[in-house]
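Chemist: No sequence on hand, only this structure:
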């Protein structure tokens, strides 16, 4: 007697049932990322929260400073803006980003300071240990 799990409910339809099962399984795997993304965007629209991964950091190599300046010109309040900015890197725990962001909005002279975080997924183990030991990054 065959096991019920290996037999289709209709006699003589084992191969089509296996094919249908395989197609449904494949479609599920292929559409999962899309469904996940759609659910995140829906959540974002309803709650007004940011969806991680919506924006990216882009590093661009330029042959000289003038070309970099030409590329970096941007619009601010309807006008082309060209200013000098200094990049400040702050190392902290991901759990403290919200607190740091609030603090920066209080003390920063820009109306909307450019502040975002990039998680450190990998790094030299000796350096990461040093950060922790020196109190640069607290537990």
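Modeler: Received the coordinates, thanks. Just so it is clear, the model here is predicted, and its values are computed rather than measured.

Chemist: same question for the top helix by length along the chain, mean pLDDT?
Modeler: Longest helix in the chain, counting residues (DSSP state H): helix 14-47. Averaging pLDDT along helix 14-47 yields 77.

Chemist: Show residues contacting the helix or strand bottoming out on mean pLDDT in the chain.
Modeler: When the helices and strands of the chain are scored by mean pLDDT, DSSP states H and E, strand 74-76 comes last with a mean of 74. Residues from elsewhere that reach strand 74-76, judged by CB atoms under 8 Å, 6 or more residues apart in numbering: 80-81. Just so you know, the C-beta spots here come from the backbone N, C-alpha and C atoms, and that holds for glycine as well.

Chemist: Apply 6 Å and report the result again.
Modeler: residue 81 (CB atoms under 6 Å, 6 or more residues apart in numbering).

Chemist: Which strands border the helix or strand just after it, and is each parallel or antiparallel?
Modeler: Downstream of strand 74-76, the next assigned helix or strand under DSSP states H and E is strand 79-81. Sheet neighbours of strand 79-81, with direction, are listed as strand 74-76 (antiparallel) (DSSP bridges).

Chemist: now the strand it pairs with, how far from the chain's geometric center?
Modeler: 24 Å (CA atoms, centre = their mean, to the nearest Å).

Chemist: same question, stretch 111-118
Modeler: Distance of stretch 111-118 from the chain centroid (CA atoms, centre = their mean) equals 15 Å.

Chemist: who touches it?
Modeler: By CB under 6 Å, 6+ apart, stretch 111-118 touches 97, 101, 104.

Chemist: Sort out which one of these lies nearest residue 73 for me.
Modeler: The closest of the contacts of stretch 111-118 to residue 73 turns out to be residue 104 (CB to CB; 24.6 Å).
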